[in-house]
Structures are given as C-alpha cells and as structure tokens.
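Asks: Quick check, what structure comes out for this input:
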Amino acid sequence: MNIDQLHSLLRDVASGTLSPAAAIAGVQRLAQGLEDLRVDPGRLERTGVGEVIYGQGKPVDQIRMAMAELANHHPVLATRLSLEHGRELARTFPSGHLWEEAGLFCLGRNLEAADPKAPNSDLLIVTAGSTDLPVAREALGVARFLGLSASLVSDVGVAGLHRLMPHLGTLRQAKVLIAVAGMEGALPSVLGGLVKAPIIAVPTSTGYGANFAGLAPLLAMLNSCAPGVGVVNIDNGFGAAVLAKKILDGYA
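Replies: Next comes the predicted model:
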C-alpha cells in the first residue's frame, strides 16, 4: 500500500473533507495493489540469499511496497529499474542508495562504497567491451550487496586481446571470475585457458544482427572448449553474482 496515499486519506478524514466510508473505500482500492504481491522474508535463512525485487515491468508502487516490507527483515535490493523508477525510490527512501548505471536500488548497503577496479578481490568481473558494462555493473552491485569482495576489469575482449595481458596477475588471484561478453562471446574460453578459478560466463545482447540478441554468444559459451566454464542466461548479471556467492560460500 502506498503510505503517502494512506496518509493523505487519513488527513482528509481528520480535516472533515472526506467521510470515513469514502476513506474505507479508498483504502480498499489501495490494498488491491497488494493482491499479487507476496514477499518472502524467510528466503535468506532458507537459501543464503534474500529475496531481490526484479523491477522491470513492475509498477513503482509495487516495488516500493515490497521494499518497505522486506526492509523490516534484512537489507533489500531492487534490480532492472528504469531511471524514473530508481529516482522515485530514492525520493521515497532517502537513506537508500541508487546506482543509476546498474539499474539498482538498495536499502541497508552501499553498492559503490569500494573502488570498482580495486585488485585482490575474491570475485573479478571481466567484460569484453564497454557496451557490456550495464550487465557487468549489475553483477558487481549484486555481488557487493551479497557481501562479496568484487572488482571490475572492463574492455579486454578478443578484439584487443593484448589489453587482457596486464591484468593476468589480478585475474589469477581471484577465486571466481564472471566473464561478460556479447558479439561472438569468446572471452570466457580465453580466460579458461589462463586461470584456475571457475568461470561464470554471461552472454549479453550486445552485437550486430547475427548476434541474435545474445543467442550467438550464449551458444558459443555453452560450447566452450575450455573446461570449468559455466553459463547463465543472456544479460543475467544478477544470476551470475548469486552463483558466485554460492561458490564462494563453499570456501568459508
């Protein structure tokens, strides 16, 4: 339920400009927005990862209500937010943190608190090109929300493979790599021949027509000749970060 709207109804009743019967009808109308909303505050205890709100296609009021409810139990994150929805959430929750470039809004944690290019992180997120950064930033922000030490190396794909070599020391100290690539999706295979760590490959929808909105890199990554490469779905930075969390939890 939209708290601001509820307060407005109560103020109108108190001032005499709205009858109690009309206010009840208004509350019922507001409550209809909750009919399809079922938050899951116990998910963190069951699975180790709390419910994260997928924002794409949802009304901002529904996202706001879900965040308010989940924030009573643990830090909460919303993903895939439009700029308009993100800024509206920031106005509603001034103590929260909006990362516009990643489409993320968080209550209870700061997603950009650390240097995104800091070395010696357990999780390293590597992008083939700069156009893969939105997906990589989603993975980075989700990883930090989940409490992981995570860093970013960008624009080191096969079109300029020499740019990858200066980062080999950093790549080899990471416990898990997330490789984010569009076009032909070759980066995870390259990394698989250079490092010991497990690699989570994320195909992106970046590319020309034959990329088929990410299907070409998805199939290329699934057919990687480098062992130790696992693949999540197209543009799924969120899923890659959660998988990295579960892998790294095994080190604890």
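
Asks: show me what contacts residue 200?
Replies: 176-179, 230-232, 240, 243-244 (Cβ atoms under 8 Å, 6 or more residues apart in numbering). C-beta here means a position set from N, CA and C on the backbone, and glycine is covered the same way.

Asks: got the buried residues for stretch 153-171?
Replies: 153-158, 164, 170-171 (16 or more other Cβ atoms under 10 Å).

Asks: re the thing from before, just the buried ones out of the contacts of residue 200, please.
Replies: Buried among those by 16+ other Cβ under 10 Å: 176-179, 231-232, 240, 243-244.

Asks: Reformat these as TSV; add secondary structure, pLDDT and distance to residue 134.
Replies: TSV is the format used below for the buried ones among the contacts of residue 200 (DSSP: H, G, I helix; E, B strand; the rest coil; pLDDT from 0 to 100; distance: Cβ to Cβ, whole Å):
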residue	secondary structure	pLDDT	distance to residue 134
176	strand	96	21
177	strand	97	19
178	strand	97	14
179	strand	96	15
231	strand	96	19
232	coil	97	15
240	helix	97	13
243	helix	96	19
244	helix	95	18
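
Asks: Now tabulate those in JSON lines and tack on distance to residue 99.
Replies: Below are the buried ones among the contacts of residue 200 laid out as JSON lines (distance: Cβ to Cβ, whole Å):
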{"residue": "176", "distance to residue 99": "21"}
{"residue": "177", "distance to residue 99": "22"}
{"residue": "178", "distance to residue 99": "17"}
{"residue": "179", "distance to residue 99": "21"}
{"residue": "231", "distance to residue 99": "25"}
{"residue": "232", "distance to residue 99": "21"}
{"residue": "240", "distance to residue 99": "17"}
{"residue": "243", "distance to residue 99": "21"}
{"residue": "244", "distance to residue 99": "18"}
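
Asks: nearest to residue 91, of these?
Replies: Proximity of those to residue 91 was ranked by Cβ to Cβ; the top entry is residue 240 with 30.3 Å.

Asks: how near is that closest one to residue 65?
Replies: 28 Å (Cβ to Cβ, to the nearest Å).

Asks: Same question for residue 14.
Replies: The value you get for residue 14 to residue 65, if Cβ to Cβ is used, is 24 Å.

Asks: who has more neighbours, those two?
Replies: residue 65 (20 against 10; other Cβ atoms under 10 Å).

Asks: what packs against the helix or strand harbouring residue 133?
Replies: Here residue 133, judged by DSSP states H and E, is contained in helix 133-145. Judged by 3 or more Cβ pairs under 8 Å, 6 or more residues apart in numbering; DSSP states H and E, the packing partners of helix 133-145 are strand 76-79, strand 104-107, strand 123-127, strand 150-153, strand 176-181, strand 199-203, helix 237-249.

Asks: Let me have the contacts of residue 200 in CSV, extended by distance to residue 223.
Replies: Putting the contacts of residue 200 into CSV (distance: Cβ to Cβ, whole Å) gives the following:
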residue, distance to residue 223
176, 22
177, 19
178, 19
179, 15
230, 13
231, 10
232, 15
240, 19
243, 20
244, 22
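
Asks: so which of the residues you listed comes closest to residue 138?
Replies: Using Cβ to Cβ, these come closest to residue 138 at residue 240, 8.8 Å.

Asks: residues contacting that closest one?
Replies: Contacts of residue 240 (Cβ under 8 Å, 6+ apart): 139, 178, 180, 200, 202, 232.

Asks: swap in residue 246?
Replies: 48-49.

Asks: Tell me the spacing between it and residue 182.
Replies: Distance from residue 246 to residue 182, by Cβ to Cβ: 25 Å.

Asks: I figured residue 155 hits residue 131, correct?
Replies: No: taking contacts as Cβ atoms under 8 Å, residue 155 lies outside contact range of residue 131: 9.3 Å.

Asks: What are the boundaries of the helices in this structure?
Replies: 3-15, 20-31, 43-47, 60-70, 83-92, 133-145, 168-173, 187-192, 215-222, 237-249 (DSSP state H).
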